[in-house]
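Colleague: Provide a 3D model corresponding to the input given below.
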Amino acid sequence: MQITTLGIDLAKSIFQLHGIDAEGKVLLRKKLRRQAVLSFLAGLPPCLIGMEACATAHFWAREVAALGHEVRLIPPAYVKPYVKRQKNDMADAEAICEAVSRPNMHFVAIKSADQQAVLMLHRSRELLVRHRIAMINALRAHLAEFGIVAARGAHKMRDLVGELQSDETDIPEVGRTALLSLVRQLDALETEIANLDREIHAWHRQSEISSRLATIPGVGVITATAAAATVADASLFTSARQFAAWLGLVPRQASSGGKDRLGRITKMGDGYLRKLLVIGATSIIRSAGKADPRTREWVQALLERKSARLASVALANKMARVVWALLSKGESYRTV
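Modeller: From the prediction side, this is the model:
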């Protein structure tokens, strides 16, 4: 007898393994230190290996697949129902082993190192943008205490900085010193964000997939590169609706007794890509007059029934379906 299915509970130091044969008999329950995992798996005959799609999972999936094993990543939420007793590493490994063999299980595509690197650019940029917003809000609040205000918008912040740097300001020198320190940090943040933007644009220009996605109205370089790097394999989704559901852009259902009850969107899946699609949809709605006739008519009809916020989510859902169609069919966007 040999191991045909193996569940691995990933960790920082100690990995838990649970292996069964073709009949479901348990052949292996073992703990391994991180540095011993690959050498142990290299000695096993090729088998099906399951892991939770958590931190470091894509790295380990690539490494283990290179040894000849079939590796599948499972969303943690789909593993939880298979935990039979109290949660611990052994129970988790057993649950992963059982979940990976289920015929109707949904899996996560394994990302390449290049895709992960691009997503690192996005995550770093997002972090710096949040810091920039916090810095701008702090400057606005401090300056308002001295009666210095400006219109909303990050670009209007320069007007406030100009007043702060003016010799005619009424702010005491001690206060100016503190505020100018924040301004220097804001300038540094904007420089770093611009550097990351250049890297993202450079990757976009050499990515055929990202270039095709950018032809969709409302999908810019940031959204296109994020989608191209996030969706490693569009074939894992059987339909456009399933892809939109994966992004959390479909209503939450609470149906029973033949009655359909739909609530707010589920917000499951990748929140960053969902947010970018909603932002793109909002920009289309705000400039609906410039959209192609078909989109303009669809948006106007929707706005007659729904608020602008709900219309943005509905349009983001539609955009997500178009993204899936382009990814799965290898085509570019075209108006009918």
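Colleague: where do the helices of the stretch 201-336 of the chain begin and end?
Modeller: 208-213, 221-230, 240-246, 271-286, 293-303, 308-329 (DSSP state H, counting those that start in this stretch).
Colleague: so how far is the first one from its chain's centroid?
Modeller: This points to helix 208-213. Here helix 208-213 is found 18 Å from its chain centre; the criterion is Cα atoms, centre = their mean, to the nearest Å.
Colleague: now what about it, what contacts it?
Modeller: For helix 208-213, the external contacting residues (Cβ atoms under 8 Å, 6 or more residues apart in numbering) are 203-205, 219, 221, 223-225, 227-228, 323, 326-327, 330-333. For every residue, glycine as well, the C-beta is placed using N, CA and C.
Colleague: how about stretch 122-130?
Modeller: With Cβ under 8 Å, 6+ apart, stretch 122-130 has contacts from 189, 192-193, 196-197, 200, 222, 225-226, 229, 272.
Colleague: what's the PyMOL line that selects buried ones from the contacts of helix 208-213?
Modeller: Here is the PyMOL selection string for the buried members of these, based on 16 or more other Cβ atoms under 10 Å:
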select buried, resi 203+204+219+221+223+224+225+227+228+323+326+327
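Colleague: how far off centre is stretch 22-34?
Modeller: The answer for stretch 22-34 is 33 Å, by Cα atoms, centre = their mean.
Colleague: that stretch: which residues count as buried?
Modeller: 28, 32.
Colleague: for the record, mean pLDDT for it?
Modeller: The average pLDDT within stretch 22-34 is 94.
Colleague: also stretch 223-236?
Modeller: 92.
Colleague: low pLDDT regions in the stretch 151-300 of the chain?
Modeller: Low-confidence segments of the stretch 151-300 of the chain (pLDDT under 70): 252-266, 289-292.
Colleague: give me phi/psi at the most far-flung residue of the chain relative to its centre?
Modeller: Among residues of the chain, the one most distant from the C-alpha centroid is Glu168; the distance is 47.1 Å, by Cα atoms, centre = their mean. The phi and psi values for Glu168, taken as degrees, to the nearest 10, are phi -90, psi 0.
Colleague: ok so, going back, please identify the most buried of the helices of the stretch 201-336 of the chain.
Modeller: Mean neighbours per residue, mean count of other Cβ atoms under 10 Å, is largest over these for helix 221-230, with a mean of 23.
Colleague: what's that one packed up against?
Modeller: Taking 3 or more Cβ pairs under 8 Å, 6 or more residues apart in numbering; DSSP states H and E as the contact definition, the neighbouring helices and strands of helix 221-230 are helix 113-144, helix 173-206, helix 208-213, helix 271-286.
Colleague: residues in contact with it: which ones?
Modeller: Applying Cβ under 8 Å, 6+ apart, the external contacts of helix 221-230 come out as 111, 115-116, 118-119, 122, 200-201, 203-204, 207, 209-211, 213-214, 216, 219, 270, 272-273, 276-277, 279-280, 323, 327.
Colleague: neighbours of Asp9, how many?
Modeller: 25 (other Cβ atoms under 10 Å).
Colleague: got the contact list for it?
Modeller: Counted by Cβ under 8 Å, 6+ apart, Asp9 has contacts 15-18, 52, 89-90, 92-93, 96.
Colleague: look at it and report its pLDDT.
Modeller: 96.
Colleague: and this protein, what are its domain boundaries?
Modeller: 5-99, 113-206, 209-329 (automatic domain parsing).
Colleague: wait, Leu38 touches Leu67, no?
Modeller: Yes - under the criterion of Cβ atoms under 8 Å, Leu38 makes contact with Leu67 at 7.1 Å.
Colleague: picking up where we left off before, so which of the contacts of Asp9 are in helices?
Modeller: 89-90, 92-93, 96 (DSSP state H).
Colleague: go through those residues and name the one nearest Arg241.
Modeller: Ranked by distance to Arg241 (Cβ to Cβ), the ones in helices among the contacts of Asp9 are led by Ile96 at 27.7 Å.
Colleague: confirm for me that that closest one is in contact with Glu52.
Modeller: Yes - here Ile96 reaches Glu52: they are 6.2 Å apart, a contact under Cβ under 8 Å.
Colleague: quick one, which of those two is more surrounded?
Modeller: Ile96 (30 against 25).
Colleague: what about the more buried one, distance to Ala151?
Modeller: Distance of Ile96 to Ala151, given as Cβ to Cβ, to the nearest Å: 53 Å.
Colleague: one more: Ala95?
Modeller: 54 Å.
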